[in-house]
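Trainee: Got a sequence here, can you model it:
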Amino acid sequence: MKKSALLLSCVILLSACGDDKAKQAAQPIADPFLVAAPPSLTSRITVLPVAMTPVSETLRVAGQIDFDENRVARIGATVTGRVASMTANIGQTVARGTVLAQITSTELSSQQLAYVRARSNNDLNRRSVERARTLFAAGVISQAELQRRESEYQVTSAEMRAAADQLRLLGLSGAALGQLGAQGAVHSASQVSSTMQGVVVERSLALGQVVQPSDQLFVVADLSTVWAVAQVPEQQVRFVHAGQQVALDSPALGGEKREGRLVYVGQVVDPKTRTVLVRTMLDNADGRLKPSMLATMLVQSDPVNRLTIPASAVVRENNEDHVFVAQGGNRYRLKPVKLGEESKGRRPVLSGLSAQDRVVAEGAFHLNTERNRQALEGQ
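Mentor: Residues are numbered from 1 along each chain as shown. Sure, this is the predicted structure:
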């Protein structure tokens, strides 16, 4: 009897356990990505449809600040000679005509002497022609003699003009040339002067150095405007063109961005780097942008209509972007999406949503908190 009662008890217990497992199997498994918004949260949720809006892609290209080559003067000596003095240092602001250095040149002395000689011969022949015209009028000399003297005068006039032109090429001013003709005083000093207003950014000479006209001695640059240059990979060149809006981001500016527009897009691809040169012009009145400074060029592409969602709708979950898609009846599903960079408070949809979807634009954070709570409580 006791054994029969014990066996019956075991059968009843196993039968009850089987019923519990059957009931658990019959219950649906809760969807961890689906959440039902309680009444207390409904008023804080705003649902908006996925919208088509114009979007400008941002192309980030590493570059640097460079001189505005239209505002750079590379200055050398006009004669071969020896450096006698230097009056300009690197970083010094100079005006147009400021003397940067002085060169002592025997070439200049020789050319001045040639000019003085040509001028003297020209004056002598001019007076000879004047006398010959008087004598020809009096019948003293023949017309052939008059023509010979006029021809000599024309030759010496041409020689004097050629000598004067040569002195101008050697850097002698018109005033100095007139003084040389009037006084005949020859000097060997030639001045190296700035040809523009700006800052001396390079100096390549030393006292006593022998220089030639082909040598670059000074570089003067106007830094009130500068260029930002970058190399765009050839596969991205189709996204850039002259006139596009550009923002410049440089670590040296401490987060401040400078605005400009692309003024040049190269017509050839560099065969070594497979890139195309682009350039923008920037105002630099404050002098904070300096040549060779690193910078990132942010190029805004032309707007294109694309599916976008408000940036406030995005929920970060497991290092990925998600949004809550309305399912009806105060139910929302957390869905992973691929999004582009934010622009004017909206993010373009790369994948994961369609034009028919409606997403939680406001209250997504609170809704995700409620989802986590319900998951923990097993609802």
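
Trainee: got any ranges where the chain has weak pLDDT?
Mentor: Along the chain, the model assigns pLDDT under 70 to residues 1-30, 378-379.

Trainee: Give me the residue at the spatial middle of it.
Mentor: residue 228 (1.6 Å; CA atoms, centre = their mean).

Trainee: For the strand or helix carrying residue 228, buried residues please.
Mentor: Using DSSP states H and E, residue 228 sits in strand 225-233. Using 16 or more other CB atoms under 10 Å as the test for burial, strand 225-233 gives 226-232. For the C-beta atoms, the positions are set from N, CA and C on the backbone; glycine is no exception.

Trainee: cool, and stretch 32-51?
Mentor: Counting neighbours by 16+ other CB under 10 Å, the buried set in stretch 32-51 is 35, 37, 41, 45, 50.

Trainee: List the contacts of it.
Mentor: With CB atoms under 8 Å, 6 or more residues apart in numbering as the test, stretch 32-51 has contacts from 307-310, 313, 324, 326-327, 329-335, 349, 353-363, 366-368, 370-371, 374-375.

Trainee: Just the buried ones from those residues?
Mentor: By neighbour count, with 16+ other CB under 10 Å, these hold 307-310, 313, 324, 326, 332, 334-335, 349, 353, 357-361, 363, 367-368, 370-371, 374 as buried.

Trainee: same for the helix ranked longest in the chain, what does it pack against?
Mentor: Across the chain, the longest stretch assigned as helix under DSSP state H is helix 106-137. When contacts are defined as 3 or more CB pairs under 8 Å, 6 or more residues apart in numbering; DSSP states H and E, helix 106-137 packs onto strand 81-86, helix 143-169, helix 174-183.

Trainee: Need the ones you listed in TSV (columns: mean neighbour count and distance to residue 111).
Mentor: Shown next, in TSV, are the helices and strands packed on helix 106-137 (neighbours: other CB atoms under 10 Å; distance: least, CB to CB, whole Å):
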stretch	mean neighbour count	distance to residue 111
strand 81-86	17	12
helix 143-169	15	6
helix 174-183	13	10
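
Trainee: As a markdown table, the ones you listed with distance to residue 343 would be great.
Mentor: Putting the helices and strands packed on helix 106-137 into a markdown table (distance: least, CB to CB, whole Å) gives the following:
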| stretch | distance to residue 343 |
| --- | --- |
| strand 81-86 | 54 |
| helix 143-169 | 58 |
| helix 174-183 | 60 |
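
Trainee: what's the span of stretch 233-245 from first residue to last?
Mentor: End-to-end distance of stretch 233-245 (CA to CA, to the nearest Å): 19 Å.

Trainee: meant to ask about stretch 211-230
Mentor: OK, stretch 211-230 end separation, CA to CA: 36 Å.

Trainee: Show me which residues of it are buried.
Mentor: 211, 217-223, 226-230.

Trainee: do the same with stretch 237-252
Mentor: 240, 244-248, 250.

Trainee: quick one on the thing from earlier: how far off centre is the longest helix of the chain?
Mentor: Its chain's C-alpha centre and that of helix 106-137 lie 58 Å apart, by CA atoms, centre = their mean, to the nearest Å.

Trainee: The closest residue in space to residue 225 that isn't next to it in sequence - how many residues pack around it?
Mentor: Distance criterion CB to CB, 6 or more residues apart in numbering; nearest residue to residue 225, sequence neighbours excluded, is residue 68 at 5.1 Å. For residue 68, the count of nearby residues is 18 (other CB atoms under 10 Å).

Trainee: next one: residue 320
Mentor: Neighbour tally, residue 320, other CB under 10 Å: 10.

Trainee: Leaving out the residues flanking it, which one is nearest to it?
Mentor: The shortest distance from residue 320 to any non-neighbouring residue, by CB to CB, 6+ apart, is to residue 336 (5.5 Å).
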